[in-house]
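>>> Make a model of this:
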Amino acid sequence: MCDYSLHGVKSRLAVEGEHLFIHKFHTGSRGLASVVDMAAAKPCGIKRLWSFLMREDPRAAAQNVPAVCVPPGARLQLSGIPAPMQQRYGVESREEVTFAQLTAEPFRYRDAMRFDNGAEILIQKFSEGIRVEVLQLALNEEAALVAVPAGREEWIVANV
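As a prediction, this is how the structure comes out:
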């Protein structure tokens, strides 16, 4: 969902179709942030003037940008993968990936992108600004067996 290192940052769940990007938060850790949330946090017009007059730290607005959490198994589209990373991992500049958590071990970075070629890259390894589009939060294959009421021994498949 959201790396342990982002627990000190406000967070929210991603929405399908949302446009995100890799962002370095004030904690020093990288995670996903929303283009819309970032634009809303930046002071503009009268807010910028007021911030200047009140001598407010312009970085304070960036601290209000929430980390956007993505569930494991979500499908994402990455754009703008740098050439050195493309060569190292055998990927293109634009790739469809699956969001994954590599470990449950405490105090370890765990959020990663799993490419179709099998490469798994921690979000911490990506440079800031890589664009991410949320294609699908849950895979169609994810299904649970649910018992039918009235003691019948039939099972139905229900999407979760």
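>>> what packs against the longest strand along the chain?
For the chain, the strand that runs over the most residues, judged by DSSP state E, is strand 94-101. Packing contacts for strand 94-101, counted by 3 or more Cβ pairs under 8 Å, 6 or more residues apart in numbering; DSSP states H and E, involve strand 75-79, strand 111-115. (Each C-beta comes from the backbone N, C-alpha and C, glycine too.)
>>> rerun that using 10 Å as the cut-off
Secondary-structure packing of strand 94-101 (3 or more Cβ pairs under 10 Å, 6 or more residues apart in numbering; DSSP states H and E): strand 75-79, helix 83-89, strand 111-115, strand 120-122, strand 131-136.
>>> Redo the ones you listed as TSV? Include mean neighbour count.
TSV is the format used below for the helices and strands packed on strand 94-101 (neighbours: other Cβ atoms under 10 Å):
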stretch	mean neighbour count
strand 75-79	18
helix 83-89	12
strand 111-115	22
strand 120-122	16
strand 131-136	18
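>>> picking up where we left off before, average the pLDDT values over the longest strand of the chain and round to the nearest integer.
Strand 94-101 shows an average pLDDT of 96 in the prediction.
>>> what angle do it and strand 75-79 make?
Using axes from the mean of the first three to the mean of the last three Cα atoms, to 10 degrees, the inter-axis angle of strand 94-101 relative to strand 75-79 is 130 degrees.
>>> buried residues in strand 94-101?
Applying a neighbour-count criterion of 16 or more other Cβ atoms under 10 Å, the buried positions in strand 94-101 are 95, 97-100.
>>> Adding distance to I22 as columns, could you present those residues in TSV?
Putting the buried residues of strand 94-101 into TSV (distance: Cβ to Cβ, whole Å) gives the following:
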residue	distance to I22
E95	14
V97	12
T98	16
F99	13
A100	15
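>>> and which of those residues is nearest A39?
Using Cβ to Cβ, the shortest approach to A39 within the buried residues of strand 94-101 belongs to F99, at 23.5 Å.
>>> doesn't V70 make contact with that closest one?
Yes. When contacts are counted by Cβ atoms under 10 Å, F99 is listed as touching V70 (4.7 Å).
>>> joint contacts of the two?
Each of 1, 14, 32, 76, 111, 113, 123, 132, 134, 137 lies in contact with both F99 and V70 under the rule Cβ atoms under 10 Å, 6 or more residues apart in numbering.
>>> quick one: secondary structure of the residue most central in space within the chain?
Here the mean C-alpha position of the chain is nearest to the C-alpha of L32 (Cα atoms, centre = their mean), at a distance of 3.9 Å. For L32, the assignment made with DSSP: H, G, I helix; E, B strand; the rest coil gives strand.
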